[in-house]
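Engineer: sequence first, then the predicted structure:
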Amino acid sequence: MGSRQITEKSLSMLRSLPRISLSNLRDNPGSKKTSKRGRAQHGGDKHGAGNKGSGQRQNYMRLGYETGNNPFYLRVPQEHYYRGHHLRRQYPPLSLLQLQHIIDKDRVDINKPIDIASIVKTGTYNFYPDQKHFGINLTDEGIDIFKAKINIEVQWASEQVIAAIERNGGVITTAYYDPHSLYLLKNPKKFFESGQAIPRRMIPPPDAIEYYTNPENRGYLADPDKVSEERLKLAQKYGYQLPNIESDPEYSMFCERKDPRQIFFGLEPGWVVNLKDKFILKPKDEELLQYYSA
Amino acid sequence: MFRCAAFAVRAIRPLTIPYLNAARIIRNDCKSFVTCKTILNKKSSNPLFANGSLSKNHEVLTISNNIVQVPVRTVTKFSLNKGKRKSSKSVIKRFFRLHWGGWIRTKVGRQKRLWKKSAANKRRLRQHVFCTSTQSYMLDKMVTKFWRKPKYYVDDPCTPYHTREEYFMTRKKPIQRN
């Protein structure tokens, strides 16, 4: 019998059968196994619990317990690898390779300054401010094939990464965002829909101020003159010719930085964005202006 | 004494009070009027609790005075407050988890009788070593999800060890063949 005949036969059978309903639905035969404990001559032997001892008594010992031995997890000397973990800041990494991929696939516009909001918007990077993630750590993987010319703002970058970006004629800044502003940057739409005024960005905590005021790290609180000096020094250290960005046609774009109190590009603290009617409300009260500029 | 009473209450629980409110009643932490009422009713209706007869019972007193403190030093599967799993603190104090799933530890006896150990032995004791796969599997179970998540510290000395690309089970990137 061919497969077509089988199909036709089963279809004709189906046609003659009553429709499936709750009243005639049942499990496949043998799909359910009732757990019965046999009590007859051989069924009543061990019930799968084995012969003699701890197993027979179904004594499930606590994790790590070694029946009287000094357990392995207590034998090892204390080291406190995780001391102070609740205070340490985490920076989930983004490699230069990933960044190059994002740019090659045109998922981010390099004719504008790139910040964490635009990178999150590409969908290739994610972070959780509530898990003490404080933004992007740009890592050196794929450093040799990185060729893009960008103005990027990250939260942490190593010296090689800074050199790789500046060699291509780009600009990099490391900037601190407090967890609340990171929430806004992660999902700006959600925040704008809430109808609140954009808050100020907080200044870094005491232990981070040193990093973000250091021109070697291209910190956003560093003196711009010293930063340009350090750019030259780094070029000499790694032995490349520093491209002249002053003569670049997009010089104004490469000069764009956020204010230390600013969270979004083009939006100032205190403004309220109305997404529905597409307008921005700006504060006019002297007191408010003073508060948001301070 | 209190410990004993708590055990007694827990033992009686299935007969007298609904299971859902058990933890709340043991703590006597009544947040709604409903639970408050049930506690009062149950207490008055139960002869064991009437005028504190259980707490003055001779047998109970003798047992409670002879309780030996059994150290419980492993995972809590259901916490009293929220019914959640808890990490074993002693594991967190002694071991460190790498992102690929391995755990590292110090060597046993690294501070003991150093005067009679050779320089090479002392050097070996100073090192941090991997736990075996069975041990790592057990340690994974002894801690909560929080500790199993990777931690992205920027100045982590273990950074080169967090990936293990040379082994097929822990490799993340595809193999590059030329």
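Structural biologist: It's in.
Engineer: and the residue of chain B found nearest chain A, what pLDDT?
Structural biologist: Distances between chain B and chain A by C-beta to the nearest C-beta are smallest at residue B:96, namely 3.6 Å. In this view, the C-beta of every residue, glycine as well, is placed from N, C-alpha and C. Confidence at residue B:96, expressed as pLDDT, is 97.
Engineer: Provide a complete list of residue ranges assigned to strands in the stretch 51-200 of chain A.
Structural biologist: A:93-95, A:137-139, A:151-154, A:156-157, A:171-174 (DSSP state E, counting those that start in this stretch).
Engineer: so does the second one get close to chain B?
Structural biologist: Yes. In this structure, strand A:137-139 sits against chain B according to C-beta under 8 Å from any C-beta of the partner chain; the contacting residues are residue A:137.
Engineer: so what strands line up beside that strand?
Structural biologist: Taking DSSP bridges as the criterion, strand A:137-139 sits next to strand A:93-95 (parallel), strand A:156-157 (parallel) in its sheet.
Engineer: now do the helices in the chain.
Structural biologist: As the question left the chain open, I've gone with chain A. Listed in chain order, the helices found in chain A under DSSP state H are A:3-16, A:53-56, A:72-75, A:96-104, A:116-121, A:159-167, A:179-186, A:188-193, A:206-212, A:224-238, A:251-254, A:286-293.
Engineer: actually chain B
Structural biologist: If you assign secondary structure with DSSP H, the helices in chain B sit at B:2-16, B:22-26, B:33-45, B:53-56, B:58-65, B:89-94, B:119-126, B:133-142, B:145-148.
Engineer: just to revisit the earlier point, would you turn the strands of the stretch 51-200 of chain A into JSON lines with mean pLDDT and mean neighbour count?
Structural biologist: As requested, the strands of the stretch 51-200 of chain A are arranged in JSON lines below (pLDDT from 0 to 100; neighbours: other C-beta atoms under 10 Å in any protein chain shown):
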{"stretch": "strand A:93-95", "mean pLDDT": "95", "mean neighbour count": "19"}
{"stretch": "strand A:137-139", "mean pLDDT": "95", "mean neighbour count": "23"}
{"stretch": "strand A:151-154", "mean pLDDT": "95", "mean neighbour count": "24"}
{"stretch": "strand A:156-157", "mean pLDDT": "96", "mean neighbour count": "26"}
{"stretch": "strand A:171-174", "mean pLDDT": "95", "mean neighbour count": "22"}
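Engineer: which one of those strands lies nearest to residue A:209?
Structural biologist: Among the strands of the stretch 51-200 of chain A, strand A:171-174 comes nearest to residue A:209, with 12.3 Å by C-beta to C-beta.
Engineer: related to what we said a few turns ago, out of the strands paired with strand A:137-139, which is closest to residue A:194?
Structural biologist: With C-beta to C-beta as the criterion, residue A:194 lies closest to strand A:93-95 of the strands paired with strand A:137-139, at 27.8 Å.
Engineer: of all the helices of chain A, which lies closest to chain B?
Structural biologist: Evaluated over the helices of chain A, closeness to chain B peaks at helix A:72-75, with 5.5 Å, by C-beta to the nearest C-beta.
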